[in-house]
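[1] Quick one: sequence plus predicted model below, questions after.
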Amino acid sequence: MTRTMQLHVADGRAHRAAIETIFRSTMAGGSPMPFFLDGIDDYTRFCLEWYFTAAGGHTIAVLDGERVVGYALVATDPAAYERHLKRAFASLVVRVSLRLMSGRLNAPSRRFFRDRARDSWLIWQDRHRIDVADEAHAHMNVAADVRHGTVAAELRAAIDRTVAASGHVSWIGEVNGDFGRRRRALERIVGDVLDERPNITASRMLGHRVVRYTVRRPLTRSREFTAPESES
């Protein structure tokens, strides 16, 4: 008999180690990386640090009992995040370059960081091109063995509450999916698909075309949205 999950939402800052574990174990389309990534600690900090430490950053954990099974990263101060991103990206480039010059960067890692730099630049361009750079944004991720709608729904509702409490009326997410297979589901469950572009990094790692969809979730149209409530 399938066990009923006992889900509850918590402040992700109290569960950083578990969130980092899920992040690292799902970097290749929900699975672990197919190679050892040299500099993975630097890359993890680049992707997660701001949400754990900045006033406009938020981390949300969904737990099944005492186990973290999913998390969300939310930016309610997009201007501060963009300022941080420029500094963090420059720092990551320096660290990766030092590894490269000292011979501590294997060939798959070189390709990964090159592709990831191209994707980051395109994401930044796209956010300004489609005029979403000033909106709150969120990213959510679920452990590989519990990838079904229940955990994702808990995360979406928690993101909605966090974003609404900050005064925003919508949030932007970037979601990866196989080409041609996910757009309708995103429009039905999340919100309006504003843009789609091939994800260079994921496509190379997985060996088939992966698309990054940019989605806006208006809180007034959210099926899960309720008035913001305080969390203990």
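    Sure thing, it's come through.
[2] Residues in contact with the helix-or-strand element of the chain with minimal mean pLDDT: which ones?
    Taking mean pLDDT, DSSP states H and E as the measure, helix 183-189 is the helix or strand of the chain with the lowest mean score, a mean of 82. Helix 183-189 has contacts (Cβ atoms under 8 Å, 6 or more residues apart in numbering) with Gly149, Val175, Gly177, Val193, Glu196, Tyr213, Val215. Using the backbone N, CA and C atoms, a C-beta is placed for each residue, glycine as well.
[3] Just list whatever residues bridge to the fifth one.
    Read it as Glu196. In this structure, Glu196 has beta-bridge partners Tyr213, where bridges are defined by DSSP bridges.
[4] For the remainder of this discussion, apply numbering that starts at 183.
    From this message on, residue numbering opens at 183, which makes the last subject Glu378.
[5] how many other residues sit next to it?
    Using other Cβ atoms under 10 Å, the number of residues around Glu378 comes to 19.
[6] Could you report the distance from it to Trp306?
    17 Å (Cβ to Cβ, to the nearest Å).
[7] follow-up on the earlier one: of the contacts of helix 365-371, which belong to strands?
    The subset of the contacts of helix 365-371 located in strands under the criterion DSSP state E comprises Val357, Gly359, Val375, Glu378, Tyr395, Val397.
[8] Can you give me the end-to-end span of stretch 281-288?
    The first and final residues of stretch 281-288 sit 9 Å from each other (Cα to Cα, to the nearest Å).
[9] again, but for stretch 244-263
    OK, stretch 244-263 end separation, Cα to Cα: 23 Å.
[10] residues of it that come out buried?
    Neighbour-count burial for stretch 244-263, with 16 or more other Cβ atoms under 10 Å as criterion, is recorded at 244-246, 250-260, 263.
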